Structure formats: structure tokens, C-alpha cells
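In: next come a sequence and a model predicted from it.
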Amino acid sequence: MGGESLGEFFTATFRMHKEKPAITFLRDGKVETEISYLELHQDTNRMANTFLDRGIKKGDRVILFIQKSLIFVVAHLALQKIGAIAVPLNAGFKKSELQYLLCDAEAGLIVSEPEKEALILSIDPNLRNLIIDTQKPYRDLDILRPASGDFIPVEVRPDDPGLIIYTSGTTGKPKGAVLTHKNLIHDARNIIDIWEISESDVLCHALPFFHVHGLCFALHTSLLAGAHVLLLDRFSPPRVLETLSKKEGPGPCTVFMAVPAMYAKLMEYLGDQRPDFGHMRLWTSGSAPLLAKDYGRIHRIFGKEPVEREGMSETGMNFSNPLRGKRKPGSIGLPLPALEVSIVDPDSGMDVPPGQTGEIRLKGPAISPGYWRKPDETAGAFENGWFKTGDLGNIDEDGYYYLTDR
């Protein structure tokens, strides 16, 4: 499956699965739109032509400043097909946050919503703004109608950037982690392989799109595996639990990816209720540490041990507890295929003995080449080819890794 660019990879998968449902979009818990893989292929081609007609070229940055929606997915995939760089931002950003990011990304276009028009004009009156009303049903949007479903492919190479994810880090202004097509494809293939994601899976997608967790680990992998994505417009405990527990309609779900705080809210909402989640095969947790007591609660309430994992904007997914094999509460698990890991003394840069805490450093095909237009920060993030995560951790006698601090 696939090709050298993410767009080619998506195209091959979409053609293979044709009439199979790709995405069912739920707004306020109700099915608004269901789209097949063939329709998704045709609509991303139309959107690609829409961008090309507006003068967007390979390498241009396009900011996606819209609510989580089906048109967001279509726009993001279309940008991968034309070799432009998607820059997803939190649609809730205020003027001060947005001002810095618009300046830093030097975007050729922003995709936004009607109520954001005045805000964007006040920051940069010259920035081209493609306004899409995401509150309208997908089928009622005019944006895809005039454009052709035929698309002349743009040559995109593995080392071309496909995505910039802004990461706040712990100090200073946000930095744009550049992810190439090679980075994104390697990351997706790794996750599909280790978690055995397949066309028979149904993902309940309740994460935002402006982080790698929701966009890359969840959406990319599911669509590239030919799975069915139940796309929720937002995280709402009653809506998520209703979707996860349904045995009828679109689904039933088999996969759920979340952060520990989401699990906490779901368990709080459930109280003493115990729905049957026997149809679910995979519950994953990441983006923040999962306490051992919460691990046990998830196991008891949802019926299976969660798979805890670790990833970063700059690196994709790095570690995961095994799908088949021992899962250790509190551990981020084992390194993913092709990832090299070193634990060093942060001051000397020398390797520390097994069991001792040091800084985790990484090398691998999914790791970003650097930060957007920040050569000093990029140089400071690497040492002798190793990416310095800034995370402190250690490894146990079974080869499982643990994070202890930043």
C-alpha cells in the first residue's frame, strides 16, 4: 500500500476501499454525513483543485483555523496531495496567540470561519482567507461544487514537509515542528503494524486535530488502514460513551484513543453504570502520564487494560506497551520499530547505566528535521544526530521505558 508521499499513500488506500464507509461525522451525537472512501478521494481531489485555483503551490503553508469537521479532514488531505504544508491551529486561539503564529508561519492562505473574518483582518488584512462555514452540513458546502474531481498529481518527495505542528514546549514562544512525508508515513505504518489497525476496525475519534495525537496517530492511521472513522465534532462524555457502547448503526466501535483526562471525565460521568464494551478491542492512552490507579480503574470499568504509549510533536509515536504481551502500568512501553533510544547524563552527554535516570534521546525515520525557520532552536534540539527530548526517564530489566520528569 502507498507511495513515496502521504498523498499517494492516501490515494492508493482510498481507491482500494472505494465503496466502504470512510468517515461518519457526528454533530451533537447525531449522524450528519457519511462518506465512502471513493467520495473522500473525489472530494479531496476537488479541494486540491480549489487550493490550486487560489494560487497555492507546493511548499506553501496553509493554516487550518476551523472547527473539527469533515471539511477539515478533506482540506488537510488535499494539502498533502498538492505538496502544500498543513498548519492546523486551535480554533479557539485569541488574537495575541494567533498574531504570533500567523507571522511565524508566513502562510499563503488561511482557512477559517465567518466569525473569524474580522479577527484575521485585524491581524493581517493582506492574508488570503478561504472562509468555510463549518456549522453547515457538509453536503451543503459550496466550496467543493465548482471544482473538478479529476486531479493532476503534483510530484511530492519523501523529504518534502507535509505538516507543521506548533508545540509550546516549556519555555519561550511556540515552535513549529516540521514533519515530512517520510516522517508521517513511517509513523503511520508503525502504529498500524504494532496496534494491528485494519479495515475491520471502527475508531471513535474524540480528539482535537491540532495535535499529532488526533491528526496523525488516530486519523492518518485509521484512513491509511481502510478503517471506518466515527468522527465526533467534540469531546463530550455522554456523546462519547453513547458512541462507544452502541451495538447498532455505524460501528460498533473497536478502537478508542484518548488522554488520561478524557478517561477521568468518562469514568466520572459513568459513576456506577457499567455498559457492555465487549466489542472494543483497543483502548489507548497517551499525551500525558497515566497513573497506576487510573490504569486499574480503566481496566475494571472498560473491560480491558489500556495500552499506554508516548509520542511528541517532533517525533511521532516513540514507545508503546505491546498489544500482545505484557503491559506495565506506569510504563510508556517499548520502542517502536526503527527507533534508536539512548539515556544519557544531560550534563555530560554520556550514557547512564541501565536502571539509572537520564535524558531520553532518540534517532529514527519519524523524527522531525527541525523547527520551522528556527535554525538556532533546531541546532539546540540535536546532539550528534540524536534528538534531545528534554524528558528524563529510565529503562527496566525487561526493556520497558519510564518517564520520571522533564
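Out: Arrived safely, thanks for sending. Values in this document were obtained by computation on a predicted structure and should not be read as measured data.
In: give me the mean pLDDT for the biggest helix by length in the chain.
Out: As far as residue count goes, and with DSSP state H defining each element, the longest helix of the chain is helix 37-53. Mean pLDDT, computed over helix 37-53, is 94.
In: please export the C-alpha coordinates of that helix as CSV.
Out: Presented in CSV, the C-alpha positions along helix 37-53 are these (Å, rounded to 0.1, in the frame of the first residue of the first chain):
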residue,chain,number,x,y,z
TYR,A,37,-13.6,6.1,0.5
LEU,A,38,-14.4,6.8,-3.1
GLU,A,39,-16.2,10.0,-2.2
LEU,A,40,-13.4,11.0,0.1
HIS,A,41,-10.9,10.5,-2.7
GLN,A,42,-13.1,12.6,-5.1
ASP,A,43,-13.7,15.4,-2.6
THR,A,44,-10.0,15.7,-1.7
ASN,A,45,-9.2,16.0,-5.4
ARG,A,46,-11.9,18.7,-5.7
MET,A,47,-10.4,20.5,-2.6
ALA,A,48,-6.9,20.1,-4.0
ASN,A,49,-8.1,21.9,-7.2
THR,A,50,-9.8,24.6,-5.1
PHE,A,51,-6.4,25.3,-3.4
LEU,A,52,-4.5,25.2,-6.7
ASP,A,53,-7.1,27.6,-8.3
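In: so where is this protein shaky, pLDDT-wise?
Out: In the predicted model, the chain carries pLDDT under 70 at residues 1-3, 146-149, 169-171, 406.
In: the residue most central in space within it: what secondary structure?
Out: Geometric centre of the chain, nearest residue: Leu215, 2.2 Å, by C-alpha atoms, centre = their mean. The three-state label for Leu215, taken from DSSP: H, G, I helix; E, B strand; the rest coil, comes out as helix.
In: against His41, how distant is the nearest residue to it once chain neighbours are set aside?
Out: Closest residue to Leu215 in three dimensions, ignoring its sequence neighbours and counting by C-beta to C-beta, 6 or more residues apart in numbering: Phe209, at 4.9 Å. Just so you know, the C-beta spots here come from the backbone N, C-alpha and C atoms, and that holds for glycine as well. Plainly put, Phe209 is 20 Å away from His41 if you go by C-beta to C-beta, to the nearest Å.
In: if we can go back for a sec, which ones are touching the residue nearest to the centre of the chain?
Out: Neighbouring residues of Leu215 by C-beta atoms under 8 Å, 6 or more residues apart in numbering: 76, 88, 163, 165, 209.
In: could you identify the most distant pair in these?
Out: Of all pairs drawn from those, the one with the largest separation by C-beta to C-beta is His76 and Ile165; the distance is 12.0 Å.
In: common neighbours of those two, please.
Out: Shared contacts of His76 and Ile165 (C-beta under 8 Å, 6+ apart): 88, 215.
In: contacting residues for His299?
Out: If a contact means C-beta under 8 Å, 6+ apart, then His299 has 305-306 as its contacts.
In: just confirm it is within a helix.
Out: Yes: assignment of His299 by three-state DSSP places it within a helix.
In: can you give me the helices for the stretch 101-250 of the chain?
Out: Listed in chain order, the helices of the stretch 101-250 of the chain (DSSP state H, counting those that start in this stretch) span 117-123, 181-194, 212, 221-224, 237-245.
In: in JSON lines, list those along with mean neighbour count.
Out: Compiled in JSON lines, the helices of the stretch 101-250 of the chain are given as follows (neighbours: other C-beta atoms under 10 Å):
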{"stretch": "helix 117-123", "mean neighbour count": "13"}
{"stretch": "helix 181-194", "mean neighbour count": "23"}
{"stretch": "helix 212", "mean neighbour count": "26"}
{"stretch": "helix 221-224", "mean neighbour count": "25"}
{"stretch": "helix 237-245", "mean neighbour count": "18"}
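In: what about Ser331, distance to Thr44?
Out: Taking C-beta to C-beta as the measure, Ser331 and Thr44 are separated by 38 Å.
In: tell me which of those two has more neighbours.
Out: Between Ser331 and Thr44, counted using other C-beta atoms under 10 Å, the more crowded position is Thr44 (27 against 24).
In: and the longest strand along the chain, what does it pack against?
Out: If you go by DSSP state E, the chain has its longest strand at strand 386-395. Counting by 3 or more C-beta pairs under 8 Å, 6 or more residues apart in numbering; DSSP states H and E, the packing neighbours recorded for strand 386-395 are strand 340-344, strand 358-363, helix 375-381, strand 401-405.
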